[in-house]
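Participant: output the structure for:
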Amino acid sequence: MASPAKKAIKIMIKMSIDAGKAAPSPPVGPRLGQLGLPIMQFCKEFNERTKHFLDGVPVNTRIIAYEDRTYQLDIYTPPTSYFIKRCAGLEKGANSPGREIVGKISTKMVYEIARYKKTTDPKMKDYGIYGICKMIVAQSRNMGIEVE
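Facilitator: Residues are numbered from 1 along each chain as shown. As a prediction, this is how the structure comes out:
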């Protein structure tokens, strides 16, 4: 029995889009428009699939555009840096990390972020909770945020 023919992939785009706020305006509209993809259909589908997130949370997204002008939408968890900044109560990290400390987070917060990433992020499923915590601590230090 022959397997069905695979669709020809035109391009794969990775974007960070705010949850519930996909609109035909830049940056989403022009990127999809130049590929000939249905922009309004994409925006409605994205907003529907991200309605369980808080509005404005940046969500990592992968869009696979096919030659027949269809697409596949993969939505991942928000970036770890978003959670770290949120726990520290900051808008952005340090301008010169390693030299200045702009905030602090507790090890309990690191553990909670790691637990969330482990259960929801398919890229993290093979890592142990200790390894994910070490990654979060390293990223915190690179952002100028101290872990207590």
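Participant: which strand or helix spans the residue most central in space within the chain?
Facilitator: Residue closest to the mean C-alpha point of the chain, counted by CA atoms, centre = their mean, is Asn60 at 2.5 Å. For Asn60, the enclosing helix or strand under DSSP states H and E is strand 58-66.
Participant: circling back: okay, now the nearest residue to the residue nearest to the centre of the chain once chain neighbours are set aside: neighbour count?
Facilitator: Spatially, and ignoring its direct neighbours in sequence, Asn60 is nearest to Tyr76 (4.2 Å; CB to CB, 6 or more residues apart in numbering). C-beta coordinates here come from the backbone N, C-alpha and C atoms, glycine included. The tally of other residues near Tyr76 (other CB atoms under 10 Å) stands at 15.
Participant: cool, and Gly56?
Facilitator: 9.
Participant: surely it touches Lys21?
Facilitator: Yes: counting by CB atoms under 8 Å, Gly56 does reach Lys21; the two are 6.5 Å apart.
Participant: tell me which residues in the worst-scoring helix or strand of the chain on mean pLDDT are buried?
Facilitator: When each helix and strand of the chain is scored by mean pLDDT, DSSP states H and E, helix 28-33 comes last, with a mean of 89. Buried residues in helix 28-33, counted by 16 or more other CB atoms under 10 Å: 28-29, 31-32.
Participant: nearest spatial neighbour of Lys123, chain-adjacent residues omitted?
Facilitator: Lys123's closest residue in space is Tyr76 (CB to CB, 6+ apart), at 7.4 Å.
Participant: so that neighbour is in contact with Asp121, correct?
Facilitator: Yes: with contacts counted by CB under 8 Å, Tyr76 reaches Asp121, the gap being 6.4 Å.
Participant: the residue nearest to Lys123: what's it in contact with?
Facilitator: Residues near Tyr76 by CB atoms under 8 Å, 6 or more residues apart in numbering: 59-62, 121-123.
Participant: highest neighbour count among those?
Facilitator: Counting neighbours by other CB under 10 Å, Val59 comes out on top of these with 22 neighbours.
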